[in-house]
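1. no sequence on this one, just coordinates:
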């Protein structure tokens, strides 16, 4: 049965928000446990820990949202380009921005032979689309439109802000977990409220487990959200161009790229790209920690639309 564009979009949005809810529950739980162990085995301790966790997260979000996109562009070596240098890229971005009903994003390129692209920016009014020079050389007009439509969908759906927020919260969760773990090493948590008895022992064990595992669990949730948002952008991009084969064919070329490594990509920025900017790895662990869903599955879904 042919997939319907908007059924795919609704399904991926629902799954993404469920994963975010799971992440928020984990974040609050770590804050409450830290509060009980550090500020006392009573409701005030729990509320204090939760308040402290929210303050840390708020500071991370405030700083990250105002500097994240500039940091990403600098880190990846992206440079602004003019319409005279890459007229077809500019015309494609302008046309699809009009079709999507959003301001025209700025255009950047990375001088790299790999076939890849990404979008960044805190909102559609402050967004940019970056493509590699290798992508511009290898894709035809319909394929480039498919890739730009995918990235335009990330901007229109606020996926960039969404993923930036999740990444920032992972950083805050890691900081709180590290603080909690160090408290066990220093012995501070064990000395808190010795009258807690068995409850204190249970909370210490739970807190130690959370301090070790919560950053890992948080990363797995982030990666799962990233994979869902890629499916969503594929569906939105296909709906924008009304020609799914364009993006499917582009992904086929990206999959067969003999040198997919983007030289200046790293783990902090990998989830932004349309396809993993690293060399492909096989195996269960590699799939579990992948920033993108299998490209074969993405192509299959697009060809069924």
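-> Structure's in. What do you need? These numbers come from a predicted model, not from an experiment.

2. just the helices in the chain please.
-> 5-39, 43-76, 87-100, 133-138, 141-156, 159-186, 188-191, 197-241, 244-255, 284-288, 295-303 (DSSP state H).

3. please identify the most buried of the ones you listed.
-> Among the helices of the chain, helix 141-156 has the highest mean neighbour count (mean count of other C-beta atoms under 10 Å), at a mean of 24. Using the backbone N, CA and C atoms, a C-beta is placed for each residue, glycine as well.

4. the inter-axis angle of that helix versus helix 295-303?
-> With axes from the mean of the first three to the mean of the last three C-alpha atoms, to 10 degrees defining the directions, helix 141-156 sits at 100 degrees from helix 295-303.

5. among the helices of the chain, which gets the worst mean confidence?
-> Among the helices of the chain, helix 188-191 has the lowest mean pLDDT, at a mean of 50.

6. among the helices of the chain, which is nearest residue 116?
-> helix 133-138 (6.3 Å; C-beta to C-beta).

7. pull the distance from that closest one to the chain's centre.
-> Computed by C-alpha atoms, centre = their mean, to the nearest Å, the chain-centroid distance of helix 133-138 equals 24 Å.

8. what packs against it?
-> Packing contacts for helix 133-138, counted by 3 or more C-beta pairs under 8 Å, 6 or more residues apart in numbering; DSSP states H and E, involve strand 106-110, helix 141-156.

9. could those be laid out in CSV, adding distance to residue 99?
-> Output for these, formatted as CSV (distance: least, C-beta to C-beta, whole Å):
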stretch, distance to residue 99
strand 106-110, 17
helix 141-156, 8
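
10. closest to residue 292 out of these?
-> Nearest to residue 292, of the helices and strands packed on helix 133-138 and by C-beta to C-beta, is helix 141-156 at 11.8 Å.

11. chain center to that closest one: distance?
-> That offset, for helix 141-156, works out to 17 Å (C-alpha atoms, centre = their mean).

12. ditto for stretch 221-241
-> So, by C-alpha atoms, centre = their mean, the centroid of stretch 221-241 is 10 Å from its chain's centroid.

13. one more: stretch 32-43?
-> For stretch 32-43, the distance to the chain centre is 32 Å (C-alpha atoms, centre = their mean).

14. rewinding a little: mind checking the helices and strands packed on helix 133-138 for the one nearest to residue 21?
-> helix 141-156 (21.1 Å).

15. now for the closest residue in space to residue 35 that isn't next to it in sequence: which residues touch it?
-> Spatial nearest neighbour of residue 35, excluding adjacent residues (C-beta to C-beta, 6 or more residues apart in numbering): residue 49 at 1.6 Å. Residue 49 makes contact with 31-36, 38-39, according to C-beta atoms under 8 Å, 6 or more residues apart in numbering.

16. adding distance to residue 92, write those residues out as CSV.
-> Formatted as CSV, the contacts of residue 49 follow (distance: C-beta to C-beta, whole Å):
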residue, distance to residue 92
31, 45
32, 49
33, 50
34, 49
35, 51
36, 55
38, 54
39, 56
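
17. looking at those, which is nearest residue 102?
-> When the contacts of residue 49 are compared against residue 102 (criterion: C-beta to C-beta), the nearest one is residue 31, at 36.0 Å.

18. thought residue 47 was touching the closest one, still the case?
-> No - using C-beta atoms under 8 Å, residue 31 is not in contact with residue 47, being 9.7 Å away.

19. distance check, residue 53 against residue 36.
-> Residue 53 sits at a distance of 12 Å from residue 36 (criterion: C-beta to C-beta, to the nearest Å).

20. swap in residue 252?
-> In terms of C-beta to C-beta, residue 252 sits 53 Å off from residue 36.

21. and residue 259, which of the helices and strands packed on helix 133-138 is closest to it?
-> Of these, nearest to residue 259 by C-beta to C-beta is strand 106-110, at 13.8 Å.

22. which residues outside that closest one are in contact with it?
-> 73, 76-81, 86, 89-90, 93, 116, 127-133, 136, 262, 264.

23. check which residues of it are buried.
-> By 16 or more other C-beta atoms under 10 Å, the buried positions in strand 106-110 come out as 106-110.

24. between those residues, which is closest to residue 146?
-> Each of the buried residues of strand 106-110 was scored against residue 146 by C-beta to C-beta, and residue 107 proved nearest at 16.9 Å.

25. need the pLDDT of the closest one.
-> At residue 107, pLDDT is 94.
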